[in-house]
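Okay, here's the prediction I keep looking at, along with the sequence it came from:
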Amino acid sequence: MGRYIIRRMLQGIPMLFLLSVVLFTLVNITPGGPLAGHGRSRHVKPEKAEMLKRQFGLDQPMPLQYVIWLIGNDWMKVDADGDGLAESRGERRGILRGDFGFSFQTRQPVLDEIAQRLPNTIYLMSITLIVVAIIAIPIGVLSAVKQYSIFDIVATTFSFMGQAIPEFWLGMILILVFYAWLQNPITGEPLLPPGGMKSLDAGFNLWDRIQHLILPVTMGMVGWVAWYSRFLRSGMLDVVHQDYIRTARAKGLSERLVMYRHALKNALIPLVTIFALDLPYMFAGSLYVELIFSWPGMGRLYYQAATKRDYPMLMAVLIIASGVTVGANLMADIVYGLLDPRVRYD
Amino acid sequence: MFGRSNNTALALVLVCIMLVMSVSGCGPTEEPTQPPEPTEAAVQEPTQAPEPTQAPEATQAPEATQAPEPTQPPEPTEEPPMAEEISIVIAIPEDPAGFNGHVSDTGYEQLMMELVLVGLTDLDPEGNFFTELAAEIPTLENGGVVMDEEAWTMDVTWTLRDDVSWADGEPVTADDVIFTWNAISDPETGIWAEGVDYTDSIEKVDDYTFVVHYNTVYPNYRIQFGGENFAVWPEHYCDAEQGYVSWDCNRQPLSSGPFVLDEWEIGDHLSFSRNPNYYEEGKPHIDHVDVRIVPERAVIKTMMLAGDADVFMWLTAMEADDLLEAPSTDVSFSPTSRWVMRLIPNLAARGELDPVANPHPILSDVRVRQAIRMAIDVDSLMEEIFRGYSEPMWTEFFRPPYECDIPQPEYDPEGAKVLLDEAGWTDEDGDGIRECHGCLNAEEGYVMSMENMIYAEFGEELELAQQLVAEMLRGIGIDLELSIIEGTVLWADYESGGIEQQGDFDLNMWDDGYPGIDPTDHLWFYYYSSAAEPDYGWNVGRYMSEDFDALLDEAYVLDEEYRKDVFCQIAELLDQELPQILLWTVFDANGYSTRLEGIQSSVNDLVTWNVADWRIVEP
């Protein structure tokens, strides 16, 4: 197993390298650019655009831009002042030495920006996933155990609704109902806040934090609960028809024991894999949830970077997400091997 | 190999990982940005600010006056009780990139800048100059401007107020202005700014006086060190080594304005408290300003209606309607307009850059452009889509001080048809779309069909307008294929595949206008022949006119009467040749809570331009 893990990790390096080439190319050849106007003026003045190009390193050919992004430019001289002479040494160190560059928008180091947003996304997404697991697993199991019962029919109906409902619309409805319409009968204030992670000047107040979590977690979990519960139901139904379940029953075990000790454990194996594959969402966040509920997370960061063609930020988010995805795949394989004795990697 | 105990342990590990991840987000948030604490000197009683004088008449060229009269908020009937600290909330959809209006132009940087920093001068909503750091505005009359007629250069002497301090108590001096300008004009770490091409050097005379030496006559000098983008930065606080566009003080500014930044939690909020060292006595009237980042506009509107937000920027017509109807909110409209929605006809063939060698088969004929304008019923667009908040506009010269008497074009679809017939565009196959039969620059039988692009960011109202314009043009036999393009694609530079710079369009529709009161830069970038070169300007319709170029060259003078005459000649020329078909003004409106008083929208600056004057009516 150890050798397998090392081998997979080594295989991940060229994969990430190839991914970085593809992503860098795609990001840079996508129509549009960071020099277009966005706000008060529709256009950036040409003189300003010229300076920005130089400061952003966009005056170099794309292959060289990639090399600089990868290994930096402190080994070469650059024309920093636009006089046509490359007389000063570059200051970029490249991502291989931990320098992801600076954001075109804020001029701040990209990793600093990500470090400010990432904990917020992990905070929201991990709680959402925990709530999803708490709700989806019992629903999935009960739906399978009581197949075609009223509960199963209701759960199935809601699952389909949960998968079909537009996330964006659901968020707006939640705000309308729990912020605009319903009020706290004691204080007269809106029942739940419309967004943000906490109230201004609230400091660390657990109840305040929970209140701010309720709506975004609700919005984020609906689709996942529907998906996970359907997946688990299907897995359980596959398992209960296996020979070893028949054997367990033949041994005289109670139905409860058969279901929860033998069937559920095996049905959960693929679910754990799916869960591991969903781990990149912990990094990437949910765009709609963050937009609707003003959650300062990675989804919004990526969205703004994409709309404004903030290449360094885009590349950092994409390459880190790629790394997390590769790692999560490896983790899924390892976990699968650990849980299912039939799987061997030697 | 892997027994039950191993599985249990694995499950426990997974749960632990998730809990750690959860807790990592729950911990104390990152230390917010903290500007330096004001020193003792910073809390000294500010000195008396001079009373503003009467502003000039709106129709005259703006004189060098002090603080604005026309937009001065109404005097309150009584002082609000001071027992409780007063806070307001401004909701905006995204974080500003910083506090430097030159670095990014989303508008939110300028909004923040007005809270904490000041320049030498600014413009009120009517286009009148008023002073901030400057003691007065230099003019030829008061001797502040000295022209060298022979060399066609000029020197401008600025004198600063001597009673303005930074939040740490250090005085704001000429050194700070010179430091800022040098940082801006650094070719390596600076940024292009208005006036940078015309400024030779700045020379310090004393702590509160400096002289700007220009290499030409620069009419817009009065706003060079002020306006919506420029602020004076502290020499003793900002690190010149880091460079103007990247220095830390862009995000941790030291205040000279009405408020001081307390904290900035990225993506969530910025908090400001009143600057006790602010130079205008008794101002600001509000103790705290919280700027909340709320990406979804519908949520901001809901917060406004629920009383959780006090200011909502850049309203759409529908949002303005909703806020006007609600009892707790109101809307401030800018008294003048800046942005004009316009059709940009490409006079060169699609994908070509030379309109003479490769004229556009349809739009290169001025009669076609005139017919298009005659066929668009702008009045009905205003009523049906913009609910009367926008107004028809047909010339660049509609703002004081350069208002020219160009008659509004008549909506005349029948006349448009006649004009198209005369131009050789007729519908002989009976399909409702005209074809070229003897037209100027297209092959016989060429169908009068074009693509019309708008930019996606404007939103639903422009999409509806585009559809209605297409219907109107269809009525005279012109077929429009409608496209909605991201602004970052439409306006990107040539190498990045910018559609307009590459000339890869027929007829685009978007809005723009010029800040302040000097239209010369705007006219140059959109109409001057040299600006038709890719990435050198935004004359993307490739309008080439020696007459226009010569007239605009004449406008770089200080004689306001002469300038107005030149601009009105330009207005007539553009009205005849129609390199752009101007349609309507895009209204500038900001929503506010009725507990606030003193809000006045301005196209010349952000709504916070007079934030020091805002008051709470009902605390």
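Here it is on my side, so go on.

Find the closest residue to chain A in the stretch 401-550 of chain B.
B:Ser496 (3.0 Å; C-beta to the nearest C-beta). Yep, even glycine has a C-beta here, placed from its N, CA and C like the rest.

what about that residue, which SS state?
coil (DSSP: H, G, I helix; E, B strand; the rest coil).

And B:Val211, by the same measure?
Applying three-state DSSP: B:Val211 is strand.

Which stretches in the chain count as helices?
No chain was given, so I picked chain A. A:2-29, A:46-56, A:62-71, A:110-145, A:150-164, A:167-175, A:206-239, A:243-250, A:255-257, A:264-277, A:280-284, A:287-292, A:298-307, A:311-339 (DSSP state H).

right idea, wrong chain: chain B
Using DSSP H, helices in chain B cover B:4-26, B:108-116, B:174-184, B:297-306, B:317-325, B:366-375, B:378-384, B:413-422, B:460-475, B:487-490, B:520-527, B:546-554, B:560-577.

how close does the residue of the stretch 401-550 of chain B closest to chain A sit to B:Thr329?
41 Å (C-beta to C-beta, to the nearest Å).

what about the nearest residue to B:Val378 once chain neighbours are set aside, how many residues close to it?
Nearest non-adjacent residue to B:Val378, counting by C-beta to C-beta, 6 or more residues apart in numbering or on different chains: B:Pro392, 4.1 Å away. Neighbours of B:Pro392 under the rule other C-beta atoms under 10 Å in any protein chain shown: 17.

Likewise for B:Ala183?
Count around B:Ala183 with other C-beta under 10 Å applied: 21.

right, and it touches B:Tyr244 too?
Yes: if you go by C-beta atoms under 8 Å, B:Ala183 and B:Tyr244 touch, sitting 3.8 Å apart.

Now do the contacts for the nearest residue to B:Glu533 once chain neighbours are set aside.
What sits nearest to B:Glu533 in space, not counting adjacent residues and going by C-beta to C-beta, 6+ apart, is B:Leu353, at 7.9 Å. Applying C-beta atoms under 8 Å, 6 or more residues apart in numbering or on different chains to B:Leu353 gives the contacts B:Gly503, B:Ala532, B:Glu533, B:Pro534, B:Arg542.

Can you tell me how far the closest residue to the fourth one other than its chain neighbours is from B:Leu324?
Right, the one you point to is B:Pro534. Once flanking residues are discounted, B:Pro534 sits nearest to B:Tyr494: 4.1 Å by C-beta to C-beta, 6+ apart. Remark: distance between B:Tyr494 and B:Leu324 (C-beta to C-beta) = 44 Å.

do the same with B:Ile372
34 Å.

repeat for B:Asp308
19 Å.

out of these two, which sits in the more crowded spot?
Per other C-beta under 10 Å, whichever of B:Asp308 and B:Leu324 has more neighbours is B:Asp308, with 19 against 13.

Identify the residues contacting the closest residue to that one other than its chain neighbours.
Distances taken as C-beta to C-beta, 6+ apart put B:Val89 closest to B:Asp308, at 6.7 Å, once the chain neighbours are dropped. Shown in contact with B:Val89 (C-beta under 8 Å, 6+ apart): B:Val289, B:Asp290, B:Val291, B:Arg292, B:Met303, B:Asp308, B:Ala309, B:Asp310, B:Val311.

Which of those has the largest number of neighbours?
B:Val289 (28 neighbours).

Lowest average pLDDT across the helices of chain A?
When these are ranked by mean pLDDT, helix A:280-284 comes last with a mean of 78.

Next one: whatever residue of chain A ends up closest to chain B from A:Gly223, what distance?
Going by C-beta to the nearest C-beta, chain B is nearest to A:Tyr123 of chain A, at 1.8 Å. Remark: distance between A:Tyr123 and A:Gly223 (C-beta to C-beta) = 19 Å.

Pick out whichever of the two has more residues nearby.
Ranked by neighbour count (other C-beta under 10 Å), A:Tyr123 and A:Gly223 place A:Tyr123 first, with 23 against 19.

if we can go back for a sec, mind checking which of the helices of chain A is nearest B:Ala348?
helix A:46-56 (18.7 Å; C-beta to C-beta).

Give me the angle between that closest one and helix A:62-71.
50 degrees (axes from the mean of the first three to the mean of the last three C-alpha atoms, to 10 degrees).

Number of residues surrounding A:Pro270?
Neighbours of A:Pro270 using other C-beta under 10 Å come to 19.
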